[in-house]
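> Fold the following and give me the result.
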Amino acid sequence: MSKISFKILVGLLVVMLGTGINCKRQTNSIDLSINLEQERKIQMAVDKGHQPWRLDSVSVAVVALKSAGYKEIGDQNCENIFIKNGAAEVHCRGEYSYFIQLKKMVRLDGIWTAISINIFRLGFFLDSQSD
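Here you go, the predicted model:
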């Protein structure tokens, strides 16, 4: 980026910030309903060789996002950012930034279950719209 372009960008940011436009993060959180009995049945099916993708936290996170209506996300857009003691968090990038929390509800060596999705969007918003 040239020095002139950088100065123009900084100038625009100063004007925007001075006119009540701020860079803020909008968030949305979705708690997913979980049926523990259904999870046990799914675990038994996986134990018999069905739906092996449920043993992969990223695959489960992608399916949870798609089930919640965020169809543009694929495995290539997602990565584990935390896995420990039967809990995981997967980050997916798309139009928004998605953080999916997962747990192993049936047993520690078993299937992953998505329990919540946090959605973040960074951008410039008018002060009156960002609260």
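> tell me, what residue is most central in this structure?
Centrality entry for the chain: nearest residue to the mean C-alpha point is residue 98, 2.0 Å, by CA atoms, centre = their mean.
> which intervals of this structure have sub-threshold pLDDT?
Residues of the chain meeting the criterion pLDDT under 70: 1-26, 122-131.
> need the helices for it, in chain order.
Ranges of helices in the chain, per DSSP state H, are 3-18, 36-47, 57-67.
> so the residue nearest to the centre of the chain makes contact with residue 117?
Yes - with contact defined as CB atoms under 8 Å, residue 98 counts as touching residue 117 (6.1 Å). C-beta here means a position set from N, CA and C on the backbone, and glycine is covered the same way.
> so what's in contact with these two at the same time?
By CB atoms under 8 Å, 6 or more residues apart in numbering, residue 98 and residue 117 have these common neighbours: residue 65.
> Check the separation of the first and last residues in stretch 103-121.
End-to-end distance for stretch 103-121: 25 Å, by CA to CA, to the nearest Å.
> Any chance you could list what contacts it?
Contacts of stretch 103-121 (CB under 8 Å, 6+ apart): 25-32, 34, 36, 39-40, 42-43, 46, 54-57, 60-61, 63-65, 68, 85-88, 96-102.
> in the sheet, who's paired with residue 121?
Beta-bridge pairing of residue 121, defined through DSSP bridges, involves residue 26.
> give me the number of residues near it?
Neighbour count of residue 121, defined by other CB atoms under 10 Å: 13.
> what's the answer for residue 97, then?
Using other CB under 10 Å, residue 97 is surrounded by 15 other residues.
> Can you tell me how far the closest residue to it other than its chain neighbours is from residue 81?
Of all residues not flanking residue 97 in the chain, residue 120 sits nearest, at 4.4 Å (CB to CB, 6 or more residues apart in numbering). Noted for residue 120: a distance of 13 Å to residue 81, by CB to CB, to the nearest Å.
> now swap in residue 69 and tell me
From residue 69 over to residue 81 (counting by CB to CB), the distance is 23 Å.
> Looking only at neighbour counts, state which of these two leads.
Counted by other CB under 10 Å, residue 69 and residue 81 do not tie: residue 81 has more neighbours, with 10 against 7.
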